[in-house]
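**Q** got a structure for you, letters missing:
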Ligand SMILES: NC(=O)c1ccc[n+]([C@@H]2O[C@H](COP(=O)([O-])OP(=O)(O)OC[C@H]3O[C@@H](n4cnc5c(N)ncnc54)[C@H](O)[C@@H]3O)[C@@H](O)[C@H]2O)c1
(Lines give C-alpha, C1' and ligand atoms only; values in the text may rest on other atoms or scores of the structure.)
Protein backbone atom coordinates (compact mmCIF):
# COMPACT_ATOMS: atom_id res chain seq x y z
CA UNK A 1 0.00 0.00 0.00
CA UNK A 2 1.25 3.49 -0.87
CA UNK A 3 1.61 6.19 1.80
CA UNK A 4 1.88 9.60 0.21
CA UNK A 5 3.36 12.64 1.95
CA UNK A 6 2.47 16.04 0.46
CA UNK A 7 4.78 18.86 1.62
CA UNK A 8 3.36 22.38 1.20
CA UNK A 9 -0.13 20.89 0.77
CA UNK A 10 -2.08 24.01 1.71
CA UNK A 11 -0.84 26.12 -1.20
CA UNK A 12 -2.42 26.86 -4.58
CA UNK A 13 -1.34 23.59 -6.19
CA UNK A 14 -1.34 21.41 -3.08
CA UNK A 15 -4.93 22.20 -2.09
CA UNK A 16 -6.19 20.62 -5.30
CA UNK A 17 -3.53 17.96 -5.87
CA UNK A 18 -3.92 16.56 -2.33
CA UNK A 19 -7.67 16.14 -2.89
CA UNK A 20 -7.08 14.30 -6.18
CA UNK A 21 -4.49 12.04 -4.54
CA UNK A 22 -6.93 11.26 -1.70
CA UNK A 23 -9.72 10.50 -4.19
CA UNK A 24 -7.37 8.16 -6.00
CA UNK A 25 -5.56 6.39 -3.13
CA UNK A 26 -8.00 6.93 -0.22
CA UNK A 27 -7.68 9.59 2.50
CA UNK A 28 -5.97 7.16 4.90
CA UNK A 29 -3.08 6.85 2.41
CA UNK A 30 -2.36 10.59 2.17
CA UNK A 31 -0.66 12.83 4.74
CA UNK A 32 -1.03 16.54 3.98
CA UNK A 33 1.56 18.76 5.67
CA UNK A 34 2.12 22.49 5.76
CA UNK A 35 3.69 25.08 8.05
CA UNK A 36 0.74 25.95 10.25
CA UNK A 37 -1.71 23.87 12.23
CA UNK A 38 -4.42 26.27 11.00
CA UNK A 39 -4.28 24.60 7.55
CA UNK A 40 -5.77 21.45 9.09
CA UNK A 41 -9.32 22.66 8.40
CA UNK A 42 -8.68 22.32 4.65
CA UNK A 43 -7.97 18.59 4.96
CA UNK A 44 -10.98 16.87 6.50
CA UNK A 45 -10.66 14.11 3.87
CA UNK A 46 -7.10 12.92 4.73
CA UNK A 47 -4.53 13.05 7.52
CA UNK A 48 -2.92 16.42 8.30
CA UNK A 49 0.21 17.31 10.23
CA UNK A 50 1.89 20.68 10.74
CA UNK A 51 5.44 20.37 9.38
CA UNK A 52 8.20 22.85 8.57
CA UNK A 53 10.24 20.94 6.00
CA UNK A 54 13.34 22.78 7.22
CA UNK A 55 12.94 20.95 10.55
CA UNK A 56 14.61 17.88 9.13
CA UNK A 57 14.60 15.75 12.30
CA UNK A 58 10.82 16.03 12.63
CA UNK A 59 10.32 15.43 8.89
CA UNK A 60 12.60 12.39 8.95
CA UNK A 61 10.78 10.85 11.93
CA UNK A 62 7.41 11.44 10.26
CA UNK A 63 8.54 9.77 7.02
CA UNK A 64 10.02 6.84 8.93
CA UNK A 65 7.21 6.32 11.45
CA UNK A 66 4.42 6.62 8.86
CA UNK A 67 6.20 4.33 6.36
CA UNK A 68 5.93 6.94 3.64
CA UNK A 69 6.44 5.51 0.13
CA UNK A 70 5.99 8.61 -2.05
CA UNK A 71 6.65 12.33 -1.52
CA UNK A 72 5.10 15.25 -3.40
CA UNK A 73 7.36 18.15 -2.43
CA UNK A 74 5.49 21.36 -3.27
CA UNK A 75 6.83 23.82 -0.66
CA UNK A 76 8.85 26.66 -2.21
CA UNK A 77 9.34 30.40 -2.17
CA UNK A 78 7.85 31.60 -5.49
CA UNK A 79 9.21 34.11 -8.01
CA UNK A 80 7.95 37.49 -6.80
CA UNK A 81 8.53 36.78 -3.10
CA UNK A 82 11.92 35.26 -3.93
CA UNK A 83 13.14 38.54 -5.41
CA UNK A 84 12.37 40.24 -2.08
CA UNK A 85 14.11 37.55 0.01
CA UNK A 86 16.71 35.96 -2.32
CA UNK A 87 18.89 34.13 0.23
CA UNK A 88 15.89 32.84 2.14
CA UNK A 89 14.36 31.59 -1.15
CA UNK A 90 17.60 29.85 -2.18
CA UNK A 91 17.97 28.25 1.25
CA UNK A 92 14.40 26.93 1.46
CA UNK A 93 14.08 25.84 -2.17
CA UNK A 94 17.44 24.01 -2.29
CA UNK A 95 17.79 22.59 1.23
CA UNK A 96 14.28 21.16 1.22
CA UNK A 97 14.75 19.47 -2.17
CA UNK A 98 18.14 18.02 -1.22
CA UNK A 99 16.65 16.70 2.01
CA UNK A 100 13.77 15.02 0.13
CA UNK A 101 16.11 13.48 -2.46
CA UNK A 102 18.43 12.17 0.26
CA UNK A 103 15.52 10.69 2.23
CA UNK A 104 14.21 9.07 -0.98
CA UNK A 105 17.60 7.48 -1.54
CA UNK A 106 18.03 6.35 2.07
CA UNK A 107 14.51 4.94 2.55
CA UNK A 108 14.26 3.69 -1.06
CA UNK A 109 10.98 5.53 -1.62
CA UNK A 110 8.92 4.42 -4.62
CA UNK A 111 8.58 7.87 -6.18
CA UNK A 112 9.19 11.58 -5.63
CA UNK A 113 7.41 14.48 -7.35
CA UNK A 114 8.96 17.95 -7.39
CA UNK A 115 7.65 20.80 -9.57
CA UNK A 116 9.93 22.99 -11.64
CA UNK A 117 8.81 26.06 -13.57
CA UNK A 118 9.13 28.06 -16.79
CA UNK A 119 11.28 30.31 -14.55
CA UNK A 120 14.25 28.03 -15.41
CA UNK A 121 14.41 29.86 -18.74
CA UNK A 122 15.90 33.34 -19.00
CA UNK A 123 16.34 36.35 -21.25
CA UNK A 124 18.66 34.47 -23.66
CA UNK A 125 16.26 31.56 -24.13
CA UNK A 126 14.24 31.46 -27.42
CA UNK A 127 10.91 33.03 -26.39
CA UNK A 128 8.46 31.43 -28.80
CA UNK A 129 7.77 27.70 -28.61
CA UNK A 130 10.70 27.38 -26.19
CA UNK A 131 12.32 23.95 -26.73
CA UNK A 132 12.92 21.32 -24.04
CA UNK A 133 16.67 21.70 -24.49
CA UNK A 134 18.02 25.22 -24.99
CA UNK A 135 20.06 27.99 -23.33
CA UNK A 136 18.87 28.54 -19.77
CA UNK A 137 20.25 31.55 -17.94
CA UNK A 138 17.57 32.37 -15.35
CA UNK A 139 17.99 35.76 -13.69
CA UNK A 140 15.64 35.36 -10.72
CA UNK A 141 16.63 33.49 -7.57
CA UNK A 142 13.49 31.39 -8.01
CA UNK A 143 14.55 30.41 -11.55
CA UNK A 144 18.12 29.71 -10.45
CA UNK A 145 16.85 27.46 -7.65
CA UNK A 146 14.54 25.58 -10.04
CA UNK A 147 17.32 25.11 -12.58
CA UNK A 148 19.71 23.80 -9.91
CA UNK A 149 16.90 21.61 -8.55
CA UNK A 150 16.38 20.05 -11.97
CA UNK A 151 20.06 19.14 -12.16
CA UNK A 152 19.91 17.55 -8.69
CA UNK A 153 16.81 15.52 -9.65
CA UNK A 154 18.53 14.12 -12.72
CA UNK A 155 21.66 13.46 -10.66
CA UNK A 156 19.78 11.46 -8.00
CA UNK A 157 18.01 9.47 -10.72
CA UNK A 158 21.23 8.66 -12.55
CA UNK A 159 23.51 8.04 -9.54
CA UNK A 160 21.11 6.56 -7.01
CA UNK A 161 18.14 5.37 -9.07
CA UNK A 162 15.73 7.65 -7.18
CA UNK A 163 12.50 7.66 -9.24
CA UNK A 164 12.02 11.43 -9.20
CA UNK A 165 9.69 13.08 -11.73
CA UNK A 166 9.12 16.74 -12.51
CA UNK A 167 7.19 19.20 -14.69
CA UNK A 168 8.08 22.76 -15.67
CA UNK A 169 4.68 24.26 -14.90
CA UNK A 170 3.57 27.41 -16.68
CA UNK A 171 1.60 29.95 -14.60
CA UNK A 172 -1.13 27.99 -12.81
CA UNK A 173 -4.66 29.37 -12.66
CA UNK A 174 -7.18 27.96 -10.20
CA UNK A 175 -10.10 29.39 -8.28
CA UNK A 176 -10.03 27.10 -5.22
CA UNK A 177 -7.19 28.91 -3.42
CA UNK A 178 -5.40 32.23 -3.63
CA UNK A 179 -1.98 32.34 -5.32
CA UNK A 180 1.24 32.43 -3.31
CA UNK A 181 3.32 35.33 -4.71
CA UNK A 182 4.17 34.44 -8.30
CA UNK A 183 4.44 36.59 -11.44
CA UNK A 184 1.41 34.97 -13.07
CA UNK A 185 -0.90 35.62 -10.08
CA UNK A 186 -2.67 38.40 -12.03
CA UNK A 187 -4.46 35.74 -14.09
CA UNK A 188 -6.12 34.43 -10.91
CA UNK A 189 -6.84 37.81 -9.29
CA UNK A 190 -8.52 39.17 -12.44
CA UNK A 191 -11.45 36.71 -12.14
CA UNK A 192 -12.07 37.69 -8.51
CA UNK A 193 -12.23 41.37 -9.48
CA UNK A 194 -14.52 40.72 -12.45
CA UNK A 195 -16.97 38.83 -10.26
CA UNK A 196 -16.81 41.50 -7.53
CA UNK A 197 -17.74 44.13 -10.16
CA UNK A 198 -14.48 46.00 -9.49
CA UNK A 199 -11.88 47.50 -11.85
CA UNK A 200 -8.70 45.41 -12.18
CA UNK A 201 -5.22 46.97 -11.84
CA UNK A 202 -2.88 44.70 -13.79
CA UNK A 203 0.79 44.61 -12.76
CA UNK A 204 1.88 43.48 -16.25
CA UNK A 205 1.64 45.24 -19.65
CA UNK A 206 -1.36 44.41 -21.82
CA UNK A 207 0.80 42.65 -24.43
CA UNK A 208 2.87 40.54 -22.00
CA UNK A 209 2.37 36.97 -23.24
CA UNK A 210 3.10 34.10 -20.84
CA UNK A 211 2.47 30.35 -20.90
CA UNK A 212 -0.42 29.48 -18.57
CA UNK A 213 -2.40 26.41 -17.50
CA UNK A 214 -5.75 25.81 -15.81
CA UNK A 215 -5.40 23.85 -12.56
CA UNK A 216 -7.39 20.77 -13.67
CA UNK A 217 -4.90 20.34 -16.52
CA UNK A 218 -1.95 20.77 -14.13
CA UNK A 219 -3.38 18.09 -11.82
CA UNK A 220 -4.04 15.78 -14.77
CA UNK A 221 -0.48 16.25 -16.07
CA UNK A 222 1.02 15.61 -12.62
CA UNK A 223 -0.93 12.41 -12.05
CA UNK A 224 -0.35 11.19 -15.63
CA UNK A 225 3.39 11.70 -15.23
CA UNK A 226 3.46 10.03 -11.80
CA UNK A 227 1.51 7.03 -13.08
CA UNK A 228 3.48 6.58 -16.32
CA UNK A 229 5.68 3.47 -16.44
CA UNK A 230 9.20 4.36 -15.31
CA UNK A 231 10.71 3.55 -18.71
CA UNK A 232 8.38 6.09 -20.40
CA UNK A 233 9.71 8.90 -18.21
CA UNK A 234 12.78 9.62 -20.28
CA UNK A 235 13.47 13.12 -18.96
CA UNK A 236 14.56 13.14 -15.31
CA UNK A 237 15.39 16.84 -15.02
CA UNK A 238 11.92 18.26 -15.80
CA UNK A 239 9.44 18.18 -18.70
CA UNK A 240 8.28 21.26 -20.59
CA UNK A 241 4.50 21.42 -20.20
CA UNK A 242 2.06 23.66 -22.09
CA UNK A 243 -1.60 24.28 -22.73
CA UNK A 244 -2.23 27.96 -23.52
CA UNK A 245 -0.39 31.25 -23.87
CA UNK A 246 -2.12 34.62 -23.52
CA UNK A 247 -1.59 38.27 -22.60
CA UNK A 248 -3.46 40.32 -19.97
CA UNK A 249 -5.41 41.94 -22.82
CA UNK A 250 -6.56 38.54 -24.10
CA UNK A 251 -7.71 37.24 -20.71
CA UNK A 252 -9.52 40.57 -20.21
CA UNK A 253 -11.28 40.14 -23.57
CA UNK A 254 -12.24 36.58 -22.66
CA UNK A 255 -13.86 37.84 -19.42
CA UNK A 256 -15.57 40.73 -21.27
CA UNK A 257 -17.67 38.18 -23.18
CA UNK A 258 -19.37 37.39 -19.83
CA UNK A 259 -18.98 40.74 -17.99
CA UNK A 260 -19.20 43.48 -20.67
CA UNK A 261 -18.79 46.33 -18.13
CA UNK A 262 -15.56 45.00 -16.62
CA UNK A 263 -12.69 47.57 -16.66
CA UNK A 264 -8.91 47.08 -16.56
CA UNK A 265 -5.90 49.40 -16.14
CA UNK A 266 -2.26 48.46 -16.64
CA UNK A 267 0.35 49.56 -14.09
CA UNK A 268 3.44 47.37 -14.66
CA UNK A 269 5.66 46.94 -11.56
CA UNK A 270 8.83 44.94 -10.76
CA UNK A 271 7.10 41.74 -11.89
CA UNK A 272 7.14 42.99 -15.52
CA UNK A 273 10.89 42.41 -15.78
CA UNK A 274 10.45 38.88 -14.38
CA UNK A 275 7.74 38.20 -16.99
CA UNK A 276 9.96 39.67 -19.74
CA UNK A 277 12.65 37.10 -18.95
CA UNK A 278 10.27 34.14 -19.38
CA UNK A 279 9.02 32.45 -22.59
CA UNK A 280 5.87 33.53 -24.45
CA UNK A 281 5.03 29.89 -25.24
CA UNK A 282 6.60 26.48 -24.64
CA UNK A 283 7.12 23.36 -26.82
CA UNK A 284 5.96 20.32 -24.84
CA UNK A 285 6.28 17.70 -27.59
CA UNK A 286 8.51 15.48 -25.37
CA UNK A 287 5.71 15.21 -22.76
CA UNK A 288 3.22 14.45 -25.56
CA UNK A 289 5.45 11.76 -27.04
CA UNK A 290 6.76 10.10 -23.83
CA UNK A 291 3.59 9.85 -21.72
CA UNK A 292 0.76 11.09 -23.93
CA UNK A 293 0.20 14.59 -22.52
CA UNK A 294 -2.82 16.51 -23.92
CA UNK A 295 -4.52 19.49 -22.20
CA UNK A 296 -8.31 19.85 -21.97
CA UNK A 297 -8.71 23.62 -21.49
CA UNK A 298 -8.12 26.70 -23.66
CA UNK A 299 -8.59 30.30 -22.48
CA UNK A 300 -12.33 30.66 -23.19
CA UNK A 301 -13.18 27.25 -21.77
CA UNK A 302 -11.23 28.08 -18.59
CA UNK A 303 -12.89 31.51 -18.27
CA UNK A 304 -16.34 29.99 -18.55
CA UNK A 305 -15.53 27.31 -15.98
CA UNK A 306 -14.08 29.79 -13.44
CA UNK A 307 -16.86 32.38 -13.81
CA UNK A 308 -19.44 29.62 -13.36
CA UNK A 309 -17.85 27.90 -10.35
CA UNK A 310 -16.00 30.61 -8.40
CA UNK A 311 -19.17 32.34 -7.11
CA UNK A 312 -20.25 29.05 -5.46
CA UNK A 313 -16.87 28.36 -3.89
CA UNK A 314 -16.13 29.33 -0.29
CA UNK A 315 -12.54 29.66 0.95
N1 LIG B 1 1.56 28.37 -8.92
C2 LIG B 1 2.25 28.43 -10.05
O3 LIG B 1 1.89 29.15 -10.98
C4 LIG B 1 3.49 27.57 -10.19
C5 LIG B 1 4.15 27.56 -11.43
C6 LIG B 1 5.30 26.81 -11.58
C7 LIG B 1 5.76 26.04 -10.53
N8 LIG B 1 5.09 26.04 -9.34
C9 LIG B 1 5.65 25.24 -8.23
O10 LIG B 1 4.64 24.44 -7.64
C11 LIG B 1 4.89 24.34 -6.24
C12 LIG B 1 3.65 24.77 -5.48
O13 LIG B 1 3.35 26.09 -5.85
P14 LIG B 1 2.07 26.85 -5.25
O15 LIG B 1 1.63 27.82 -6.28
O16 LIG B 1 1.12 25.89 -4.69
O17 LIG B 1 2.78 27.67 -4.08
P18 LIG B 1 2.11 28.27 -2.77
O19 LIG B 1 3.00 29.36 -2.30
O20 LIG B 1 0.67 28.57 -3.01
O21 LIG B 1 2.17 27.03 -1.77
C22 LIG B 1 3.36 26.61 -1.17
C23 LIG B 1 3.01 26.04 0.19
O24 LIG B 1 4.22 25.65 0.83
C25 LIG B 1 4.13 25.99 2.18
N26 LIG B 1 5.47 26.15 2.75
C27 LIG B 1 6.30 27.20 2.61
N28 LIG B 1 7.42 26.98 3.34
C29 LIG B 1 7.28 25.78 3.91
C30 LIG B 1 8.10 25.01 4.78
N31 LIG B 1 9.28 25.48 5.20
N32 LIG B 1 7.65 23.80 5.18
C33 LIG B 1 6.45 23.35 4.79
N34 LIG B 1 5.62 24.02 3.96
C35 LIG B 1 6.04 25.23 3.55
C36 LIG B 1 3.34 27.28 2.22
O37 LIG B 1 2.74 27.50 3.50
C38 LIG B 1 2.32 27.06 1.11
O39 LIG B 1 1.12 26.51 1.63
C40 LIG B 1 6.14 25.17 -5.96
O41 LIG B 1 7.27 24.36 -5.95
C42 LIG B 1 6.18 26.12 -7.13
O43 LIG B 1 7.50 26.52 -7.39
C44 LIG B 1 3.96 26.78 -9.15
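**A** Done, it's in. For clarity, every value in this text was computed on a predicted model and none was experimentally measured.
**Q** drop to CA atoms for contacts and neighbour counts, all remaining ones
**A** Fine.
**Q** and residue 210, how many neighbours does it have?
**A** When neighbours are counted by other CA atoms under 10 Å, residue 210 registers 24.
**Q** With adjacent residues omitted, what lies nearest to it?
**A** Excluding the flanking residues, the one nearest residue 210 by CA to CA, 6 or more residues apart in numbering is residue 280, at 4.6 Å.
**Q** swap in residue 139?
**A** residue 122 (6.2 Å).
**Q** secondary structure class for the residue nearest to residue 210?
**A** Classification of residue 280 by DSSP: H, G, I helix; E, B strand; the rest coil places it in coil.
**Q** got the contact list for it?
**A** Residues in contact with residue 280 (CA atoms under 8 Å, 6 or more residues apart in numbering) are 127-129, 209-211, 245.
**Q** out of those, who's nearest residue 13?
**A** residue 211 (16.6 Å; CA to CA).
**Q** I'd like the distance between residue 58 and residue 234.
**A** 34 Å (CA to CA, to the nearest Å).
**Q** Would you mind listing what in the stretch 101-250 of the chain touches the ligand?
**A** 115-117, 169-172, 179-180 (CA under 6 Å from any ligand atom).
**Q** go with 5 Å
**A** By the rule CA under 5 Å from any ligand atom, the part of the stretch 101-250 of the chain lying against the ligand is 117, 169, 171-172, 180.
**Q** Let me see the domain layout of the protein.
**A** The record assigns the chain these domain ranges, following the TED database: 4-171+214-240, 174-211+243-309.
**Q** Comparing those, which comes out most buried?
**A** domain 4-171+214-240 (a mean of 19; mean count of other CA atoms under 10 Å).
**Q** Under the pLDDT cut-off, which ranges of this structure? List them.
**A** Along the chain, no part satisfies pLDDT under 70.
**Q** can you give me the helices in it?
**A** For the chain, applying DSSP state H gives helices covering 12-25, 56-65, 79-84, 86-106, 141-160, 186-196, 215-227, 248-256, 271-276, 285-291, 299-309.
**Q** Indicate which one of those is closest to residue 35.
**A** Closest approach to residue 35 among the helices of the chain (CA to CA): helix 56-65, 11.7 Å.
**Q** Find the residue closest to residue 222 in space, skipping its chain neighbours.
**A** Here the residue nearest residue 222, using CA to CA, 6+ apart, is residue 167, at 7.4 Å.
**Q** I meant residue 90, not that one.
**A** residue 145 (6.0 Å).
**Q** could you list every residue that touches the one you found?
**A** So, once contact is read as CA under 8 Å, 6+ apart, residue 145 ends up touching 90, 93-94.
**Q** Include distance to residue 260 when you put those into a markdown table, please.
**A** Listed next are the contacts of residue 145 as a markdown table, based on distance: CA to CA, whole Å:
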| residue | distance to residue 260 |
| --- | --- |
| 90 | 43 |
| 93 | 42 |
| 94 | 45 |
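**Q** show me what contacts residue 303?
**A** 254-255.
**Q** So the nearest residue to residue 302 once chain neighbours are set aside versus residue 100, what's the distance?
**A** In space, residue 302 comes closest to residue 214 once its chain neighbours are excluded; the distance is 6.5 Å by CA to CA, 6+ apart. Residue 214 sits 27 Å away from residue 100, going by CA to CA.
**Q** before we move on, what about residue 271?
**A** 30 Å.
**Q** can you check residue 273 too?
**A** Per CA to CA, residue 273 is found 32 Å from residue 100.
**Q** swap in residue 75?
**A** From residue 75 over to residue 100 the distance is 11 Å, taken as CA to CA.
**Q** about what we covered before: just checking, which of the residues of the stretch 101-250 of the chain next to the ligand belong to strands?
**A** Counting by DSSP state E, these place 117, 169, 171-172 in strands.
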